[in-house]
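**Student:** Could you look at this predicted model? Sequence included:
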Amino acid sequence: MKYIAKKLITLILTLFLISVLVFLIFQVIPGDPVLSILGTEATEEKIESLREELGLNASLPERYFDWLSGVMKGDLGRSYRYKENLNEQMAVSRLVAGKLPVTLTLAGMSLLFIIVLSIPIGILWGGTKHKWLDALLNVLAQFSMSVPSFFLGIIVIYFFGLIMKWFTPGGYVSYKEDFSGYIQYMIFPALTVALPKVAMTARFLRNSIINQLNADYVRTAYSKGAGRTRVLFLHVLKNAMIPVVTFIGVIAAEIAAGSIVVEQVFGLPGIGRLLVSSISTRDYPVVQALMLYIVSAVVIVYFLVDVLYRYIDPRVEE
Amino acid sequence: MLEIDNLTVEFGTKKVLDGVSLTAEKGKVLGIVGESGSGKTMTALAVMGLLSPDARVAEGSSIQLDGKELIGLPEKKLAAIRGNDIAMIFQEPMTSLNPTMRIGRQLEEALRLHGQKIPSKSWLREKVMEALKEACLPEPEKQYDRYPHELSGGMRQRVMIAMGTICRPDYLLCDEPTTALDVTTEKGILELINRIRTEHNMGIIFITHDLKLLRGFADKVAVMCKGKVVEQGSVEQIFNAPVEEYTRRLIASIPDRQHRRNVKAAGAEK
């Protein structure tokens, strides 16, 4: 409990620090938000009144706490670019809330694929005595790691979409309209995101297992009379999984940030595409919100990895 | 009887064991002494059938347990012998136990593996506790639920001994079990091995690079050098009248003046 409390305090401190950084970065970036909303031909009074309205005349710490309390309440400011209606700019929170579920679904399903596929493959790979199987898996892994994700996406669309006809390419449906249709469509982009990571993770687990098989305690287990399968599953696997958990954590943090390329190829309205378009149009409130999400997601995933660690490695204590 | 006869092991073209012949008897201690790389550990691993896959046991080699040939036995049958008839404890108590498994479970496993009927969980726990007590592990109840890293080196070696002897094997191979420990702990571990030997009439093969450990402990000593047994005899013979130059040098390396004098005198008489 002490360990988790400690990590939790670190998490909160890190999140606080991140919020300061994310806030400051967008203060230093050149460009005046008022001008970018109103355009360069706005009148002096209009500029001044919007300045007051956006709270830009207050001091920096004041503005930070203003912004932070807004963030806490789910108010992330308003987009410069998207309009709610003629007179009102769209709230960033609404904009992001529309896209985030797609990215989170993609990330969650990819992670599920990664875990479900890479662990059995890694065990098979690390435990095998057959040289040909080792070589075959090596070739497959090399292939799926080296193919760029846009091309992998195209292969998936071509094979599963056009040949097998398991899904309609470009036929994305919102989860609000048809949830099962949405999940069915998401399987394939998730597979595309997952495939290279499955190869990496399986290979990592394989190396970890081979490493552990040379450990002294393995010899002890054999000398007690344990057979190979028992040694592999009962003794080696848990020890071999310790570094793999960190590895999967890094991958989870990476995919939580959204895969821009895969979203583009499959036409998914996720935050990856929103991020790219917001950067190119300098829609800073949106970029700021997405940055806050990405960095927080990474930190929270690492926190979860730390907590998980506590359960698989008894040596982790103070 | 555990009889090793003409045991030759090769890695590629390199002979790591060259015609080793040794005999261990129940209730007796056979000491194997030699420098590192002399093939002591390799001999023990060959007996356990735990040589690495790239090692090749040459034809004509034989290891017999009470007349039963072990070389060439299928893995399943070997596994049934390991821990049950012949057990082994290792040099590194720090790494020889599974770091992610509780002490109690590691001992239980040895019992589970050897087909004894296990009437209940409490019976299993009792058996383990008995073995831990016999190994003089302090506070066995507490250690049962602990992980290896929470124990000292000496305690871990006691756990290893408890685990090695829990199925009451006929032979216990001890590969430098005290090398990683300090002198006081070493003495305790030797006493423990000796006590278990006499209580259960167990045959001990005690491997060490430290000849003086075997005094007053081993019944027979074999001196190994470069994969061969160069000299064999009782402890007195080896200490007081070593035949081989190598043995004499081993004795001379003991930091004990009395002995060095004896050895010198023996050499001068020749």
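**Tutor:** Done, it's in. On a predicted model such as this, the values are computed, not experimentally measured, just so you know.
**Student:** How about the residues of the stretch 151-270 of chain B by chain A?
**Tutor:** Residues of the stretch 151-270 of chain B lying near chain A by Cβ under 8 Å from any Cβ of the partner chain: B:160, B:163-164. Yep, even glycine has a C-beta here, placed from its N, CA and C like the rest.
**Student:** So which of those are in helices?
**Tutor:** B:160, B:163-164 (DSSP state H).
**Student:** In a markdown table: those, plus distance to residue B:249 and neighbour count.
**Tutor:** Output for those, formatted as a markdown table (distance: Cβ to Cβ, whole Å; neighbours: other Cβ atoms under 10 Å in any protein chain shown):
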| residue | distance to residue B:249 | neighbour count |
| --- | --- | --- |
| B:160 | 31 | 27 |
| B:163 | 36 | 28 |
| B:164 | 32 | 29 |
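**Student:** export these to CSV and tack on pLDDT?
**Tutor:** Output for these, formatted as CSV (pLDDT from 0 to 100):
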residue, pLDDT
B:160, 95
B:163, 95
B:164, 93
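**Student:** Do I have it right that residue A:262 meets residue A:194?
**Tutor:** No: the criterion here is Cβ atoms under 8 Å, and residue A:262 misses it with residue A:194 at 10.0 Å.
**Student:** so where do the strands sit in the chain?
**Tutor:** Going with chain A. Under the criterion DSSP state E, chain A contains strands at A:78-83, A:89-91.
**Student:** let's do chain B instead
**Tutor:** Taking DSSP E as the criterion, chain B carries its strands at B:2-11, B:14-24, B:29-33, B:55-57, B:62-65, B:68-69, B:86-89, B:171-175, B:203-208, B:220-225, B:228-233.
**Student:** The shortest one: partners in the sheet, and parallel or antiparallel?
**Tutor:** According to DSSP bridges, the neighbouring strands of strand B:68-69, each with its direction, are strand B:62-65 (antiparallel).
**Student:** Roughly how far does the most centrally placed residue in chain B sit from residue B:107?
**Tutor:** Nearest residue to the geometric centre of chain B (Cα atoms, centre = their mean): residue B:174, 1.6 Å. Going from residue B:174 to residue B:107 by Cβ to Cβ, to the nearest Å gives 18 Å.
**Student:** now swap in residue A:135 and tell me
**Tutor:** Residue A:135 sits 40 Å away from residue B:107 when distances are taken as Cβ to Cβ.
**Student:** Can you check the pLDDT for the residue of the stretch 1-150 of chain A found nearest chain B?
**Tutor:** Proximity of the stretch 1-150 of chain A to chain B (Cβ to the nearest Cβ) peaks at residue A:129, 8.3 Å away. With respect to pLDDT, residue A:129 scores 89.
**Student:** ok, now residue B:211?
**Tutor:** pLDDT for residue B:211: 86.
**Student:** Confirm for me that it is in contact with residue B:33.
**Tutor:** Yes: using Cβ under 8 Å, residue B:211 is in contact with residue B:33, at 5.1 Å.
**Student:** So those two - more neighbours on which side?
**Tutor:** Neighbour tally, residue B:211 and residue B:33, criterion other Cβ atoms under 10 Å in any protein chain shown: the higher count belongs to residue B:33, 26 against 23.
**Student:** got a list of what the more buried one touches?
**Tutor:** Residue B:33 makes contact with B:40, B:207-211, B:214, B:221-224, B:250, according to Cβ atoms under 8 Å, 6 or more residues apart in numbering or on different chains.
**Student:** Chain A versus that one, what's the distance?
**Tutor:** Computed as Cβ to the nearest Cβ, to the nearest Å, the residue B:33 to chain A distance reads 22 Å.
**Student:** Who does that residue form a beta bridge with?
**Tutor:** On the basis of DSSP bridges, residue B:33 is bridged to residue B:208, residue B:223.
**Student:** What is the burial count for the residue nearest to residue B:21 when sequence neighbours are not counted?
**Tutor:** Using Cβ to Cβ, 6 or more residues apart in numbering or on different chains and skipping residues adjacent in sequence, the residue nearest residue B:21 is residue B:5, 5.1 Å away. Residues near residue B:5, counting by other Cβ under 10 Å, number 15.
**Student:** Tell me who's in contact with residue B:5.
**Tutor:** Per Cβ under 8 Å, 6+ apart, neighbours of residue B:5: B:21, B:61-64.
**Student:** Can you tell me which of these has the most neighbours?
**Tutor:** For the contacts of residue B:5, the largest neighbour count, defined by other Cβ under 10 Å, is 24 neighbours, found at residue B:63.
**Student:** before we move on, back to that, and which of the contacts of residue B:5 is nearest to residue A:75?
**Tutor:** Distance to residue A:75, by Cβ to Cβ, is smallest for residue B:63 among the contacts of residue B:5, at 78.5 Å.
**Student:** Quick check: the closest one touching residue B:71?
**Tutor:** Yes: in this structure, residue B:63 is within contact of residue B:71 by Cβ under 8 Å, at 5.4 Å.
**Student:** Near chain B, which residues of the stretch 51-200 of chain A are found?
**Tutor:** Counting by Cβ under 8 Å from any Cβ, the stretch 51-200 of chain A has no residue next to chain B.
**Student:** now the helices for the stretch 51-200 of chain A?
**Tutor:** A:60-72, A:92-127, A:131-146, A:149-156, A:179-213 (DSSP state H, counting those that start in this stretch).
**Student:** now the ones you listed as CSV including distance to residue B:47?
**Tutor:** Listed next are the helices of the stretch 51-200 of chain A as CSV, based on distance: least, Cβ to Cβ, whole Å:
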stretch, distance to residue B:47
helix A:60-72, 69
helix A:92-127, 26
helix A:131-146, 29
helix A:149-156, 53
helix A:179-213, 21
